[in-house]
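> Got a predicted structure plus its sequence, pasted below:
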Amino acid sequence: MKDYDIFDGNAYNLLTALVRAERIVNRYAEKSVDRPVKMPHDQQYVCDLLTILKSGTRADFIRFLIREPSSVAQILGRMEKNGYIRKETLPGTRKLVFTLTDPELSDINKTDQICQDMFSGLSQSEQDDLKRLLDKLFTTAKDRLEAEHYSSPF
């Protein structure tokens, strides 16, 4: 019996397997990266996103991180306090945008290589199937969240 196959409900076992896989993948990624600044996973993800997007709003990070607005505000506040990001108001508006202060805070190429290493045990076809299934699961959960709870981050 697998560690995640202990519950009576198959769906609960699937969720447990998914959570365990996500945790071990994140742990591998954290151990495999030698960055000069160690920061929590969510903050590193924000840095990586800002490398690609160049700037982002609080709403962008709520959508990407799938976190409550207050949690995202805390993450961005800590990052701003530590000098990782800069907050600016767009001219002529009240809209806040965040930018990365130092491109060295993100090493997107190293992260991409780590991801390739992690998924190298799956064929391209298996990776495509996994992505398709995870997208379907995400959409189902997102639709239920929006239908059943008013505080959806989407």
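Sure, I can see it.

> okay, CA-based contacts and neighbour counts for the rest of this
Will do.

> In terms of helices and strands, where is Phe98?
strand 96-100 (DSSP states H and E).

> Flag every buried residue along that strand.
Within strand 96-100, the residues scored as buried using 16 or more other C-alpha atoms under 10 Å are Val97, Phe98, Thr99, Leu100.

> Would you mind giving those as CSV with distance to Leu133 and pLDDT added?
Formatted as CSV, the buried residues of strand 96-100 follow (distance: C-alpha to C-alpha, whole Å; pLDDT from 0 to 100):
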residue, distance to Leu133, pLDDT
Val97, 33, 97
Phe98, 33, 97
Thr99, 33, 97
Leu100, 33, 96
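
> Rebuild those as a markdown table, extending it with distance to Arg144.
Formatted as a markdown table, the buried residues of strand 96-100 follow (distance: C-alpha to C-alpha, whole Å):
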| residue | distance to Arg144 |
| --- | --- |
| Val97 | 30 |
| Phe98 | 30 |
| Thr99 | 33 |
| Leu100 | 34 |
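
> Can you tell me which of these is closest to Ala73?
Nearest to Ala73, judged by C-alpha to C-alpha, of these is Phe98 at 11.5 Å.

> what's the closest residue to the closest one other than its chain neighbours sitting at in phi/psi?
Leaving aside its chain neighbours, Phe98 sits nearest to Lys87 (4.6 Å; criterion: C-alpha to C-alpha, 6 or more residues apart in numbering). Torsion angles at Lys87 (phi, psi; degrees, to the nearest 10) stand at phi -100, psi 130.

> how near is Lys87 to Leu53?
Distance, Lys87 to Leu53, using C-alpha to C-alpha, to the nearest Å: 15 Å.

> neighbour count winner among these two?
In this view Lys87 and Leu53 are compared by other C-alpha atoms under 10 Å, and Lys87 has more residues nearby, 17 against 11.

> So for Lys142, what's the pLDDT?
Reported pLDDT at Lys142 in the predicted model: 86.
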